[in-house]
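S.K.: 3D model of this:
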Amino acid sequence: MPDFQQFTLFALAALMLNITPGNDMIFVISRSLTGTKAGIFAALGIGLGCFLHIFASVVGLSVIIKQSEILFNIIRYAGAAYLIYIGVKSIMEKPSTMIFSKNENDKNTNLKILRQGAITNMLNPKVSLFFLAFLPQFINNQSDNVTSQILFLGLWFNFSGTLVNVLIALLFSKVVAKLSNFQRFWKIQNKVSGIILILLGLQIALKR
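M.R.: Numbers count the residues shown, from 1 in each chain. This next block holds a predicted model:
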């Protein structure tokens, strides 16, 4: 497990990334509009799919760290640049309109929604690329327990993301009629998250 300061920094970065609207969140919201249970099962499905990317990251990063410290540092700096890029993008982009219609005739069962969420996440190569770029920022590659560090951070990121998605499901299943009121919220949230991600990226890039 990484030291407390590194873990605190990781947990903050993970939370900022998890609350930034993306494909997973939009999938959860779209299902939530047909009912609370559907949204929760969508969130759990995405969490299940994420385990595949965690396993791939544990194996891939462990090999990279053992084989080449130079390659590890290249990935680390690339990851810092990626955090800054995501931050700038969050600040610059307009809030998503997130206009959905509630379909009362949606016959998807909860288990089918669970499976859809898992498959959607597993087949998204961007998730694995993100893990490979993000996790190395918070790993002590001089430690003997590199593999357990990667596993712990990956599991925490998934736990944090699943929790956020479940809360999103609970929220949006109750406020279908008020979606338009969330435009200002998304705008402010995007900018705050973007600033924090940029600062984290700079802190990582400048760290010796």
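S.K.: helix or strand: which one has the nearest residue to residue 32 once chain neighbours are set aside?
M.R.: Closest residue to residue 32 apart from its sequence neighbours, by CB to CB, 6 or more residues apart in numbering: residue 39 at 3.0 Å. All C-beta spots, glycine's among them, are computed from the backbone N, C-alpha and C. Assigned by DSSP states H and E, residue 39 belongs to helix 36-67.
S.K.: ok, and the closest non-adjacent residue to residue 165?
M.R.: Looking at residue 165 with CB to CB, 6+ apart, the closest residue is residue 43, at 3.5 Å.
S.K.: would you agree the one you found is in contact with residue 28?
M.R.: Yes. With contact defined as CB atoms under 8 Å, residue 43 counts as touching residue 28 (5.1 Å).
S.K.: and for these two, which residues touch both?
M.R.: Common neighbours of residue 43 and residue 28, using CB atoms under 8 Å, 6 or more residues apart in numbering, are 117, 165, 168, 169.
S.K.: just the residues you listed: which are in helices?
M.R.: Mapping those onto helices (DSSP state H) picks out 117, 165, 168, 169.
S.K.: gap between the residue nearest to residue 93 when sequence neighbours are not counted and residue 196?
M.R.: Once flanking residues are discounted, residue 93 sits nearest to residue 190: 6.9 Å by CB to CB, 6+ apart. Distance, residue 190 to residue 196, by CB to CB, to the nearest Å: 11 Å.
S.K.: before we move on, back to that, tell me the one among the ones in helices among the shared contacts of residue 43 and residue 28 nearest to residue 70.
M.R.: residue 165 (36.8 Å; CB to CB).
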